[in-house]
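[1] 3D, please:
(chains A and B)
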Amino acid sequence: MDSKNTNDWLFEITPKNKFFSLNLREVWQYRDLLLLFVKRDVITVYKQTVLGPLWYLIQPLFTSVTFTIIFNNVAGIDTGSVPPFLFNLAGITVWNYFTACLNGTSDTFKANAAIFGKVYFPRIITPLSVVISTLIKFGIQFLIFIIFYIYYYFSGANLSINSSILFFPILIVIMGIFGLGLGMLISSMVTKYRDFSNLIGFGIQLLMYLSAVMYPMELIKEKIPKYGWIVDYNPLAYVIETSRYMLLNVGNISILGLAYTFGVTIMIFFIGLLVFNKTEKSFIDTV
Amino acid sequence: MEKDIILKAENISKQYRLGQVGTGTLSHDLNRWWHQIRGKENPYLKIGDVNDRSTKGTSDYVWALQDINFEVERGEVLGIIGKNGAGKSTLLKILSKVTAPTTGSIKSRGRIASLLEVGTGFHGEMTGRENIYLNGAILGMTKKEITSKLDEIIEFSGCERYIDTPVKRYSSGMTVRLAFAVAAFLEPEILVIDEVLAVGDAEFQKKAIGKMQDISREGGRTVLFVSHNMAAVKQLCTKGIVMENGRVVFEGSIDAVIDEYFNEDQLANDGKRTDISNDSVGFFTRWFIRDSNLFSISSDVKENICFEFTSNEDFTNCELGLVIRNFEGKIMLGCNSRDYEGDYFDIKKGNHVFKFELILPVIDGKYEIDIALVSNNTIIDQWASETNLIVKNKFESVLDRKWRGELNLKTSFSYDELP
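    The predicted structure follows:
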């Protein structure tokens, strides 16, 4: 019988880690698990809460109100013809998707140590499921944005949509991949050095101020030309700025900036994947 | 016929770092990384002690497994036994790809599914049915496979009534049943199981063992089984390996392996107690048979089992309870000093010796001695000795061990023709 010959093993478990391995076929085999994880995340988050999925809406709405009061009414940031509340809501909705992806994926190893310690499946399924279930949450938040958009439209605000809105989904996917890549990178490092989980909390907050969430990109260059370049180098700022351009027809679209964002996203994603792959083989010994 | 090897472990070793991982590792990491870029061997692989819990090692690194080699044939049920910390679970973790070996490799000709724990990934907020899908998918089944087996799984678990109730409302026994049911319907070529039978009631354990036997016999599937339950190991496995301090010390047929395991266990046999705490008011110090350093009895002879006891104060209304268990943990004999018209007794501060005269007509083997002194309904001291009582007998049966039961009583037989 052929199967008894010496070297036709189905697979081998070895200490050596291939430099890069994303076994897509394996991920595809586990696609049902991916969907079940998404389902679990969605249905279990708000079990035993009174307001349930309404929590998805409360957070962005209150943040937008706060931002409008602080940044627009007090600090006097000008949002042009667009109502400041809608301006902020657009930025926050998109920004929230990124932070939810990053937060959800950055403690992959720590939060799932119990499962990972007991059974094997392609580990990337877990962060992937986070990114997808977060997308559903984003969808709900985006819906509330649309409702307010319609409300402002009929109450006479000067609003128009840009035709480039067709590319908006691509922008969201880029945002998701960026969050996933960065999340995988951080989750791998957290397994050894817990310092990173502390960093991420306030890191995200600082990053928000550099990502043009509550101000137009133009403005910062105008007001503090000396440090405006920091925002210029932040790929996330382009995503936020561009989505506002698509949704509200304000600000600028920079093809160069977007290309830069795209490049950085791909790079972060692959570095994240690389480190994640390296970690998944032995993290259980160090977590 | 040529052997049909389905799984082969070659020189598997696994190194762990002791102590806190967080402190001082950065420098080690940098050093390791520096060696790596220069193409040199990992500097921390060379040092390291044998995995032995009780002795203090000199190095921060320890080999949890060292040079493990074995082969498993298709359809074989391999039992892996050894004391706590012998490296069994580490080996299973490597086999189930949860962690990578430090050196060596495992080659396989079949899909491996592992059951290191029942109910991995169960979510309390989801219903039994939803959890069957989730758990099944985690173990590597597709949704379609699960759907096709759903009815069987639910039936096997015996949780039909509660299948649409969130699992957090289940009793622990029900959770285990449900989880095992999912795993039992997995269809990998190789199944790796770790001590999952330790939970659940006797009836369910029996069912579970029966199911695993079906899996290996009828399904022709290979099973690797780790357990402390020697009865289950004996019943289920065809071959076995004994592990000690991270090495395979014995390999062979399951009967030989179990004998070896028990023999090795008996080396430090002196009946003395090792874990006496200084602040107790009274404690057992040693047990022995008759009046000497004897720890074995014959199953058909009346003997005195003696216990030495040191009390630091006076005790009134004392009674003594003795329990003798077989290796499965089943109680063979339980007796009390007050049995058969005995009465409470008082003891003074000082050293004492207590004696139970008894006969133990059980089959040959090792038995655990568990003794307790009670005064005024309060336990003063309870001690399960590490030294086993060895029961011997000359009885020779034509039957296999598994048909002989627990009692060893001489029977006789005669026959007549009915008129």
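
[2] going forward, measure contacts and count neighbours with C-alpha atoms only.
    Will do.

[3] off-centre distance for the host helix or strand of residue A:238?
    With secondary structure defined by DSSP states H and E, residue A:238 is part of helix A:235-248. Between the mean C-alpha point of helix A:235-248 and the mean C-alpha point of its chain there is a distance of 14 Å (Cα atoms, centre = their mean, to the nearest Å).

[4] secondary structure element holding residue A:90?
    In this structure, residue A:90 is located in helix A:84-106 according to DSSP H and E.

[5] how about the residues of chain A near chain B?
    Chain A comes close to chain B at residues A:4, A:8-15, A:29-30, A:32-33, A:36-37, A:40, A:44, A:47, A:114-121, A:192-193, A:281-286, as judged by Cα under 8 Å from any Cα of the partner chain.

[6] inside strands: which ones of these?
    Assigned to strands by DSSP state E, the following of the residues of chain A next to chain B qualify: A:11-13.

[7] got these as JSON lines, with neighbour count and pLDDT columns?
    Formatted as JSON lines, the entries for these read as follows, by neighbours: other Cα atoms under 10 Å in any protein chain shown; pLDDT from 0 to 100:
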{"residue": "A:11", "neighbour count": "12", "pLDDT": "74"}
{"residue": "A:12", "neighbour count": "15", "pLDDT": "76"}
{"residue": "A:13", "neighbour count": "20", "pLDDT": "76"}
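
[8] my read is that residue B:228 contacts residue B:234, right?
    No: if you go by Cα atoms under 8 Å, residue B:228 and residue B:234 don't touch, sitting 10.7 Å apart.

[9] how close does residue B:163 sit to residue B:132?
    To residue B:132, residue B:163 is 9 Å away according to Cα to Cα, to the nearest Å.

[10] next one: residue A:49
    Here the distance between residue A:49 and residue B:132 works out to 25 Å (Cα to Cα).

[11] same check, this time on residue A:228
    The value you get for residue A:228 to residue B:132, if Cα to Cα is used, is 54 Å.

[12] again, but for residue B:211
    With Cα to Cα as the criterion, residue B:211 and residue B:132 are 18 Å apart.

[13] in contact with the spatially most central residue of chain B, which residues?
    Most central in chain B under Cα atoms, centre = their mean is residue B:228, positioned 1.2 Å from the mean C-alpha point. By Cα atoms under 8 Å, 6 or more residues apart in numbering or on different chains, the residues touching residue B:228 are B:81-82, B:195.

[14] part of a helix, is it?
    No: when DSSP: H, G, I helix; E, B strand; the rest coil is applied, residue B:228 is found to be coil, with no helix at that position.

[15] tell me the spacing between the residue in the stretch 201-350 of chain B that chain A sits nearest to and residue A:121.
    At 14.3 Å from chain A, residue B:226 is the closest residue in the stretch 201-350 of chain B, using Cα to the nearest Cα. In this view, residue B:226 and residue A:121 are 22 Å apart by Cα to Cα.

[16] and these two? Which one has more around it.
    Neighbours were tallied for residue B:226 and for residue A:121 using other Cα atoms under 10 Å in any protein chain shown; the higher tally belongs to residue B:226 (27 against 21).

[17] check what pLDDT the more buried one gets.
    You'll see residue B:226 listed with a pLDDT of 87.

[18] what does the stretch 101-250 of chain B have sitting close to chain A?
    The stretch 101-250 of chain B has residues B:101-111, B:114-117, B:120-121, B:125-126, B:133-134, B:137-140, B:142-143 near chain A, with proximity defined as Cα under 8 Å from any Cα.

[19] show me those that map onto helices.
    When DSSP state H is applied, these are split such that B:133-134, B:137-138, B:143 fall in helices.

[20] pick the one among the ones in strands among the residues of chain A next to chain B closest to residue B:75.
    The closest of these to residue B:75 turns out to be residue A:11 (Cα to Cα; 18.6 Å).

[21] can you map out the helices along chain A?
    Taking DSSP H as the criterion, chain A carries its helices at A:24-29, A:31-44, A:55-67, A:84-106, A:108-111, A:113-116, A:125-154, A:168-192, A:195-209, A:217-223, A:228-232, A:235-248, A:255-280.

[22] buried sites along the longest one?
    If you call a residue buried by 16 or more other Cα atoms under 10 Å in any protein chain shown, then helix A:125-154 has these buried ones: A:125-135, A:137-138, A:140-142, A:144-145, A:149, A:152.

[23] equivalent analysis for the fifth one, please.
    Along helix A:108-111, the positions that meet the burial threshold by neighbour count (16+ other Cα under 10 Å) are A:108-110.

[24] quick one: average pLDDT of that helix?
    The model assigns helix A:108-111 a mean pLDDT of 82.

[25] now do it: everything it contacts.
    Residues lying outside helix A:108-111 but in contact with it, judged by Cα under 8 Å, 6+ apart, are A:116, A:126-127, A:184, A:187-188, A:190-191, A:283, A:287.

[26] need these in CSV with pLDDT, can you?
    Supplementary listing: the contacts of helix A:108-111 in CSV, determined by pLDDT from 0 to 100:
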residue, pLDDT
A:116, 84
A:126, 91
A:127, 91
A:184, 89
A:187, 87
A:188, 85
A:190, 82
A:191, 79
A:283, 72
A:287, 55
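
[27] by neighbour count, which of these wins?
    residue A:184 (33 neighbours).

[28] right, and that one touches residue A:127 too?
    Yes: applying Cα under 8 Å, one finds residue A:184 in contact with residue A:127, separated by 7.4 Å.

[29] shared neighbours, these two?
    By Cα under 8 Å, 6+ apart, residue A:184 and residue A:127 have these common neighbours: A:105, A:108.

[30] residues touching the residue nearest the centre of chain A, list them.
    Against the mean C-alpha coordinate of chain A, by Cα atoms, centre = their mean, the closest residue is residue A:98 at 2.5 Å. Contacts of residue A:98 were listed using Cα under 8 Å, 6+ apart, and they are A:175-176, A:178-179.

[31] which helix or strand in chain B has the lowest average pLDDT?
    The element with the least model confidence among the helices and strands of chain B, by mean pLDDT, DSSP states H and E, is strand B:49-50, at a mean of 52.

[32] tell me the first helix or strand C-terminal of it.
    With elements assigned by DSSP H and E, the helix or strand that comes after strand B:49-50 is strand B:61-73.

[33] chain center to that next one, what's the gap?
    Relative to where its chain is centred, strand B:61-73 has its mean C-alpha point 19 Å off (Cα atoms, centre = their mean).

[34] report how many residues lie close to residue B:110.
    Neighbour count of residue B:110, defined by other Cα under 10 Å: 18.

[35] that one touches residue B:4, doesn't it?
    No: counting by Cα under 8 Å, residue B:110 sits too far from residue B:4 to count as a contact (11.9 Å).

[36] run through chain A and note the low-pLDDT ranges.
    With pLDDT under 70 as the threshold, chain A has low-confidence stretches at A:1-7, A:16-22, A:48, A:282, A:286-287.

[37] hey, where'd the helices end up in chain B?
    If DSSP H is used as the criterion, the helices of chain B fall at B:25-37, B:88-95, B:128-138, B:143-157, B:172-184, B:202-217, B:230-236, B:254-265.
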